[in-house]
Every structure is written in structure tokens, then in C-alpha cells.
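Asker: Got a predicted structure plus its sequence, pasted below:
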Amino acid sequence: MTSRIVFIVESTFQKWEHQRFGIDLLRSNRFEVEIWDLTPFMHPGCEKQNENLKEVKDPGYHLFRTRDEAFAAIAGLDNASFVVCMVVYSRKALPLYRALSKSQAAYGVVYVYGQPETKQPPEIFIRKLLRNASPAIVAQRFFRAVPFKTWGIRPAATLVLAGTTSMPAFRYPVDATTRILWGHSFDYDVYLNELQRPSEAPAAPTAVFLDECIPNHPDYAQIGIPAPCRDEEYYPPLGRFFDWVEKNHGLKVVIAAHPRSDYGESRPFGNRPVVKGKTAELVRTCQCVMSHASTSVNFAVLFNKPLVFLTLSALENVPREKNRIHSMAGWFKKAPLLIDAIAAITEKDWRSSLALDRAAYERYRETFIKSAGSPEKPQWQLFADFLLAGAAPRGRFEP
């Protein structure tokens, strides 16, 4: 029987992820829980760049600086251990998955990050085809096309899924022997926890902005893409729009800071409150939620709050940003407000943005957050129950 759970991650592990991964909950179920951070050799430079974000004081946290050190630890795992691999299956991660396959421990993968697909106009599609002719992309596509068993990879024992879009979207080494555990997004756990807390209304009506740390997101370096815009292109028009909202609609704008943001002593949002780690709480008591295309719109959907989508010229000029913002807004049958053209935003535009289509919210919930019929339990309690029972329901699986 499993007595030890090991999370393997490839990005700097932070304090907020302790709750996200249900560490305390799993330990309350009498599992020994560890977090193995492979950032230093999986993404050299990122660990140093994000050093100021690391607040880990967990006795089960281990940072591996070399591949040899990590793979030796994996080789030492026994059949009482279960690995939750949070590392995306890719050509770069092939040695890791091979090491897991040789280990005596079973391993599982998680895909609970559904989001509306971006729509690509013909010119973007053509550019993508040309870009995909690069040696690195061709090599990755070849890797994807080869059956994972050819690479010496053992299929994952478990696949954790959330909404209905999870099934066709994932790319992991799974087959018909993989046991499927239907759960929900990590945000749903936060939502369930928030419902257990007393709710206290703010002193003044608020509009919550879901920060995405767009000009300086630390993941850009890890993914290998440039930032879509500079600070001076982003924060000034955003600030002017927030001024307009506060002056014309009697709402106090509060910033729900992105969990990976690090604003330090800087004040990019002026004197507005910037609150980190309390997004669900802020959304629960607000009048409306403003966003570009943050996955935290999950909270607006769960708490039935009006969603106002925002864009600006600097983002409209970057196809990947424009596409994801318009795709997200389109799911709710809305058009994003162009906030650096405040004079053109009418009262009708604002009211239209505040409209709440309950049918669209319900579709979004079932498609991306929580599949219908999955138990109303925390995600990691479902996982603990699965391990303690030694089995899980088999679902139909079509890779």
C-alpha cells in the first residue's frame, strides 16, 4: 500500500503551492509527503531568477541541482511510493519520464488546467506553420508522433482530470491501463475552502482586477517567449482606466496580485490595494471582476460575479495575447473593452460588460472547472481516497 507521495515540479515551488497541492490534507491522511524541485537543471537560470519568490520551509521540500542527483533519488523509490509528476511530458522531459519508468514507484500525471482555445486567423495560422518548420519544433513534433512506449516510457498509473475539455487536450504517456480520476481544477479546492469561512463585506463596493503580471511574468524565461509589452505600455493605460471606473461607477478597484508576482516596493497600480493570496476572498465579496484572460475567472464563475474583459493596444498588437483575450471573452458572449480608448467607452458598453449569462457560466464550469457528477470533495482528498482504496473507477479512455 502507498505510504509516501512525492510531487515532482519543474518551477520554483512557492508557499501558496503548499495549499494548492494539498500537502497538509494528504499528511492528515497519514501519507508522508515530499516535494522534489527540479528547476535548477530543468530550467537553468529560472531558479536564481525566482529566488525571491521562494518561501518554502516545508520539511519535505528537496531542491535537486543536478540531474544525476535527482535520478538517483528516483531510482531509490520503492513500491510504497507514488509520484505525482507535475512536469509536462515533452522531449526535454524524456529523461525524467524514463527514470520514472525504471523506478519501482507508480506515477501519475495531472491535467486540470482547461481554458478556452484561442482562435487563429488565417495569417496567424500561416505564420505558425512557417515557425513550426524550425528544427526545434520539428523535433518536438516528431517526439509527439512516436508512441511513448517506443521511448521506453511506462504508462502513467493514474490520470487526474477536471472539466470535460481535459480529455482531448492532454498530451501525456497514458493508455487504456491508466486509471482516470475525475476531479476538478485546483481553484475549486480554494472555492470549497472559502465557503467554509465567514464572509465579510468590504467597507465600499469593489471591482477586483485579476492581475496576470503581464509585462514581467517569471514563466516567460522558462517557456522561452518574450514579454508581450513593457511596463510603460501597460500600467499607465490600466491606471487611467481604473481611475475612470472609480470616478464614474463608484467602485474601489482592488488588485488580486498574481501568485508569482513580485512587486516589492514598486507601485505599478498606484495607491490601489494589491492583495496576494486572497483572490477567492476578494472575488466573493466584490461587485464585479475585471480580467484580460486570467484562469482565475474560475472564481468569478463559481461565485457568480459579472466579468468585465479588458484589452489594450499593446496587447492587441501581439497575436497570442489578442487571441487568448478575445477567446476568453467570447466564451461569455462578450467583447473586451479597449481601455486605452476610454473616451470611446460608453455607458452602454459598461452595462453590456456587466451582463451575466448564467447558461454560459454553467457551461464554463462544467467544461473547464468541474465535470458534472464528480464528488464535492477537495481534489487531494479524492486522490487520497483513491490511494487508500488501492483502486479507482476506470473511465473510457481515448488518447
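Answerer: Nice, thanks for sending it over.
Asker: list the buried ones in the helix or strand hosting residue 141?
Answerer: Following DSSP states H and E, one finds residue 141 within helix 135-145. By neighbour count with 16 or more other Cβ atoms under 10 Å, helix 135-145 contains no buried residues. The C-beta positions use only the backbone N, C-alpha and C, and glycine is treated the same way.
Asker: show me the contacts for residue 280.
Answerer: For residue 280, the contacting residues are 187, 190, 191, 193, 194, 299, 303, by Cβ atoms under 8 Å, 6 or more residues apart in numbering.
Asker: Could I have the PyMOL command that selects the buried members from those?
Answerer: With 16+ other Cβ under 10 Å as the criterion, this PyMOL line picks the buried residues out of those:
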select buried, resi 187+190+191+194+299+303
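Asker: which one of the contacts of residue 280 sits closest to residue 290?
Answerer: Nearest to residue 290 out of the contacts of residue 280 is residue 299 (Cβ to Cβ; 12.7 Å).
Asker: Do a quick rundown of the strands in the stretch 51-200 of the chain.
Answerer: 61-63, 81-85, 106-111, 158-161, 179-182 (DSSP state E, counting those that start in this stretch).
Asker: List of residues touching the third one?
Answerer: Where contact means Cβ under 8 Å, 6+ apart, the residues beyond strand 106-111 that reach it are 2, 79, 81-86, 89, 100, 156-162, 166, 169-170, 172-174.
Asker: Within its sheet, name the partner strands of that strand and how each one runs.
Answerer: Looking at strand 106-111 with DSSP bridges, its partner strands are strand 81-85 (parallel), strand 158-161 (parallel).
Asker: worst average pLDDT in these?
Answerer: Looking at the strands paired with strand 106-111, the lowest mean pLDDT belongs to strand 158-161 (a mean of 88).
Asker: mind listing what's buried in that one?
Answerer: For strand 158-161, the neighbour count (16+ other Cβ under 10 Å) marks 158, 159, 160, 161 as buried.
Asker: Against residue 185, how distant is the last one?
Answerer: In this view, residue 161 and residue 185 are 10 Å apart by Cβ to Cβ, to the nearest Å.
Asker: okay, and the common contacts of those two?
Answerer: Shared contacts of residue 161 and residue 185, defined by Cβ under 8 Å, 6+ apart, are found at residue 112.
Asker: From what I see, residue 70 and residue 42 are in contact.
Answerer: No: contact criterion Cβ atoms under 8 Å: residue 70 and residue 42 do not qualify, at 9.0 Å.
Asker: okay, and the common contacts of these two?
Answerer: residue 96.
Asker: how about the strands paired with strand 106-111, which one is nearest residue 387?
Answerer: Nearest to residue 387, of all these, is strand 81-85, at 6.2 Å by Cβ to Cβ.
Asker: Take the strands paired with strand 106-111 and lay them out in a markdown table including distance to residue 59.
Answerer: Output for the strands paired with strand 106-111, formatted as a markdown table (distance: least, Cβ to Cβ, whole Å):
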| stretch | distance to residue 59 |
| --- | --- |
| strand 81-85 | 17 |
| strand 158-161 | 25 |
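Asker: among those strands, which is nearest residue 318?
Answerer: Closest approach to residue 318 among those (Cβ to Cβ): strand 158-161, 30.8 Å.
Asker: Residue 248: neighbouring residues, count only.
Answerer: 12 (other Cβ atoms under 10 Å).
Asker: In the longest helix that the chain contains, which residues are buried?
Answerer: With secondary structure taken from DSSP state H, the chain has its longest helix at helix 231-249. Judged by neighbour count using 16+ other Cβ under 10 Å, the buried positions of helix 231-249 are 233, 234, 235, 237, 238, 239, 241, 242, 244, 245.
Asker: contacts for it?
Answerer: Here helix 231-249 has contacts from 207, 209, 214-216, 251-253, 268-270, 272, 290, 310, 312-314, 337, 339-340, 342, 345, 350, using Cβ under 8 Å, 6+ apart.
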